[in-house]
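> Here's a sequence, model it:
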Amino acid sequence: MKITVENLSEQELDRLIEMAWEDRTPFEAIRFQYGFTQGEVIKIMRSVLKRSSFNLWRKRVNQGVSIKHLNKRSTDIERFKCARQRHISNNKISKR
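Predicted coordinates:
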């Protein structure tokens, strides 16, 4: 079953929006976690953000060399992991 915006909880939708705003989170990571393509993420962002916020977000994503795409990222950029990711993904493995 494909995940739809209507099936997302408020917390999941907030996290999806947060991931879309994060420069270091590529669209591929959003697709892996939620199953939404870049085009679907754009439609979601357009529907939930104010017009001015959506325009700012699109401008950031469309910058010259976007790091929102894995194949356009510099190899110097390390993977970014949100401090809340363990809670979200229910990862019980501690890296101490």
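> Between the two ends of stretch 29-49, how far is it?
Using Cα to Cα, to the nearest Å, the end-to-end distance of stretch 29-49 comes to 21 Å.
> what comes up buried for it?
29-30, 33-34, 36, 38, 40-42, 44-45, 49 (16 or more other Cβ atoms under 10 Å). No exception for glycine: its C-beta is placed from N, CA and C like everyone else's.
> okay, and for this structure, where does confidence drop off?
1-2, 64-96 (pLDDT under 70).
> next one: phi and psi at residue 9?
phi -70, psi 170 (degrees, to the nearest 10).
> neighbours of it, just the number please.
Residues near residue 9, counting by other Cβ atoms under 10 Å, number 8.
> where's it relative to residue 16, distance?
Distance from residue 9 to residue 16, counting by Cβ to Cβ, to the nearest Å: 11 Å.
> What about the buried residues of stretch 29-49, which are in helices?
Judged by DSSP state H, the buried residues of stretch 29-49 include 29-30, 33-34, 38, 40-42, 44-45 as members of helices.
> from those, which is closest to residue 21?
For those, the minimum distance to residue 21 (Cβ to Cβ) is 8.8 Å, reached by residue 45.
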